[in-house]
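> fold the following and give me the result.
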Amino acid sequence: MPARRRELHVIGWREWVGLPELGIPAVKAKIDTGARTSALHAVNVERFRKRGKPWVRFEVHPHQRDVENSVVTEAIVIDERTIRNSGGTAEHRPVILTTVDLGPTSLQIELTLTNRALMGFRMLLGREAVRNRFYIDPGTSFCLREPRTLGESPRRAVAVTKRVSKRRRRETSDESS
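This next block holds a predicted model:
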């Protein structure tokens, strides 16, 4: 076995990831080497300016088939890109830079925001995010432990996400007043 392989973690075709800067303790992500860019499910996307820079506020439903629990968050927009979705349709998307916790590893990645409600996963982790950082075993799932921000189990994330969402909604409505 080459020495380089021992330095890299093995991940499966799907893994739990945390997005701590966005207040999302856990979301199930599909590792997709066919997709160049990573993407996150986002709805109610609102663009605005803060201190002269472009920002975006958006809502994330981190758990598939659960629209009740959500997180409202915001991030600075670092770019705008036209991305072809899985159906081949071009879509103009905002790009943010954020930290992703994947097992014991924290990564800074670029993430596009799009509505993935009809897709099987709320997040895609594209090849640019995993290149030279992980080996991917397409025959396994959830090779790494849950994200550091999650605590004991991925199911706990639902309760944590619900509390974060309610608090952020209150803060957002207070700012609007």
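> next, give phi and psi for the spatially most central residue of the chain.
Nearest to the geometric centre of the chain sits L40, at 4.7 Å (C-alpha atoms, centre = their mean). As for L40, its main-chain torsions (degrees, to the nearest 10) stand at phi -120, psi 140.
> my read is that it contacts F121, right?
No. With contact defined as C-beta atoms under 8 Å, L40 and F121 do not form a contacting pair (10.2 Å). Bear in mind the C-beta positions are built from the backbone N, C-alpha and C, glycine included.
> just to revisit the earlier point, tell me the confidence at the residue nearest to the centre of the chain?
Looking at L40, its pLDDT stands at 96.
> what of the one 10 residues further on?
Looking at K50, its pLDDT reads 95.
> just the helices in the protein please.
Applying DSSP state H to the chain gives helices spanning 3-7, 127-130, 156-176.
> hmm, back to that, okay, the residue nearest to the centre of the chain and G52: tell me how far apart.
Noted for L40: a distance of 25 Å to G52, by C-beta to C-beta, to the nearest Å.
> next one: D79
D79 is 17 Å from G52, by C-beta to C-beta.
> neighbour-wise, which of these two wins?
More crowded of D79 and G52, by other C-beta atoms under 10 Å: D79, with 12 against 5.
> and the more buried one, what does it touch?
With contacts defined as C-beta atoms under 8 Å, 6 or more residues apart in numbering, D79 is in contact with P94, V95, E110.
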